[in-house]
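> compute the structure for the input listed below.
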Amino acid sequence: MAMLTPSQVHLDAPLTNLTLAYLQSADNFIADKVFPIVDVDKQSDKYYIYNRAEFNRSGNRKALAPRTRPERVGMTLSNSNYFADVFGLATDFDVQTLANEDAALETRAMGAQMLMHNMLIDREKDFVSNFFVDNVWGTNWDGVASADNDTAIEITNWDDYTNSTPIVDIRRLATAIQLKSGGFKPNTMVMSKSVYDVLLDHPDILARINGGATVSNTALVSKAKIAEVFEVERLFVMEGVENTAAEGAAEVNAFLGGTSSVLMCYTPSSVGLRTPAAGLTYAWNSLPGVSNLGVTVESFTGDFLRVEGIEEEIHVKMAYDMKIVGADLGGFINSVLA
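Modelled structure (predicted):
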């Protein structure tokens, strides 16, 4: 006797409550965490810089006799400027495709998210190419195969587990930055994924963490533990991923912070007037529909598009200037791995 089968009573159709999209976590992108965002009303402007040396100098005070005046101390300042470039990407959808779209796809929303994701990757690349590099910070060291520990500008590569001393190296770097910046101890550390992976198994790190292990507090190596060992408030590992292949080619993924380097800098918990910082991101917030990150998402429809068969075009724009404002508040070690 013929019986109905499961495949006969159901025709496969897209699920209305499930689609798969590969959006990286926002935690993977660190640029605006290291260079905090400052909302600005104008695309370009100037800002003032007080002379740090004058604040850290002894005033040569003296005891005052009656009718004598205190010693006068001078004060000077300079200025610099920013310019927020407007960056943008767009995608479009034709009339027939949107008319035939399954509800679960939400291609308009996903198109905007894809563009935003692409923009975050581009901003992260800006940070890496301009600031996660040698010779832009006040203190610049190099990793070498065998360093003279008396030389302040070189360290032994950290993947040499026998001879390298990362904890000592970072303490020395922090001291150098603190002196050069006039008393600001770096509180933020940025490293590539390859450096972090090496530190997870480094004998110096394991010994320091294992030494304090208890039954209730096991020796689990984590970002928080490594940050504690290095005496910084924040440790950022550059785990953002970019597909470096051309459109249509096979996917080739790589970490954005690909260099085996380390940045230490001072980053304020909140940005305000007279607040020092190693770097800032000036986000222009006066564009129509802009968010507090200098981001706008715009949708365009109309006859001028339909004559080309396009029903809707989506633009995502980001207006910002990311720049170093206190080079002496940062220090960079180039190539800490062999």
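> if I look at the closest residue to Asn28 other than its chain neighbours, how far off is Val86?
Here the nearest residue to Asn28 in space, its sequence neighbours aside, is Gly240; by CB to CB, 6 or more residues apart in numbering that works out to 4.2 Å. Where you see a C-beta, it was placed from the backbone N, CA and C, and this is true even at glycine. Using CB to CB, to the nearest Å, one gets 22 Å for the distance from Gly240 to Val86.
> more neighbours, the two?
The residue with more neighbours, out of Gly240 and Val86, is Gly240; 24 against 13, by other CB atoms under 10 Å.
> surely that one meets Gly258?
No: under the contact definition of CB atoms under 8 Å, Gly240 does not touch Gly258, with a separation of 10.5 Å.
> hmm, Ala283 is touching Asp41, no?
No: shown here, Ala283 and Asp41 do not form a contact pair, counting by CB under 8 Å, at 10.7 Å.
> higher neighbour count, the two?
Legend: neighbour count by other CB under 10 Å for Ala283 and Asp41, higher for Ala283 (22 against 8).
> dump the residue contacts of that one.
Shown here is Ala283, whose contacts under the criterion CB atoms under 8 Å, 6 or more residues apart in numbering are Ile37, Val38, Asp39, Val40, Ala84, Asn292, Leu293, Gly294, Ala319, Tyr320.
> try it again at 7 Å.
For Ala283, the contacting residues are Ile37, Val38, Asp39, Val40, Leu293, Gly294, Ala319, Tyr320, taking CB atoms under 7 Å, 6 or more residues apart in numbering as the criterion.
> buried among those residues? Make that a ChimeraX selection.
The ChimeraX selection below is limited to those of the contacts of Ala283 classed as buried (16 or more other CB atoms under 10 Å):
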select :37,38,39,40,293,294,319,320
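> from the contacts of Ala283, which has minimum pLDDT?
The lowest pLDDT within the contacts of Ala283 belongs to Leu293, with 72.
> once you drop chain neighbours, what's closest to that one?
Ala283 (5.6 Å).
> element containing the one you found?
If you go by DSSP states H and E, Ala283 is part of strand 279-284.
> C-terminal to that strand, what's the next element?
Counting by DSSP H and E, the element after strand 279-284 in chain order, helix or strand, is strand 295-300.
> list the buried residues for the helix ranked longest in the chain?
The helix spanning the most residues in the chain, taking DSSP state H as the definition, is helix 107-131. The neighbour-count check on helix 107-131 (16+ other CB under 10 Å) flags 107-108, 111-112, 114-117, 119-121, 123-124, 126-128, 131 as buried.
> what's the closest of the contacts of Ala283 to Ala26?
Leu293 (11.1 Å; CB to CB).
> the inter-axis angle of the strand holding Ala283 versus helix 107-131?
Our comparison of strand 279-284 with helix 107-131, counting by axes from the mean of the first three to the mean of the last three CA atoms, to 10 degrees, yields an angle of 140 degrees.
> neighbouring strands - and their directions - for strand 279-284?
strand 37-40 (parallel), strand 310-324 (antiparallel) (DSSP bridges).
> could you point out which element follows the longest one?
Reading on from strand 310-324 to the C-terminus, the next helix or strand found by DSSP H and E is strand 330-334.
> show me what that next one is in contact with.
Strand 330-334 is contacted from outside by 134, 137-143, 155, 173, 176-177, 186, 261-265, 278, using CB under 7 Å, 6+ apart.
> just the buried ones out of the residues you listed, please.
The neighbour count (16+ other CB under 10 Å) marks 137-139, 141-143, 155, 173, 176-177, 186, 261-265, 278 as buried among these.
> what angle separates the host helix or strand of Val168 from strand 330-334?
Using DSSP H and E, Val168 maps to helix 166-180. In terms of direction (the same axes, to 10 degrees), helix 166-180 departs from strand 330-334 by 140 degrees.
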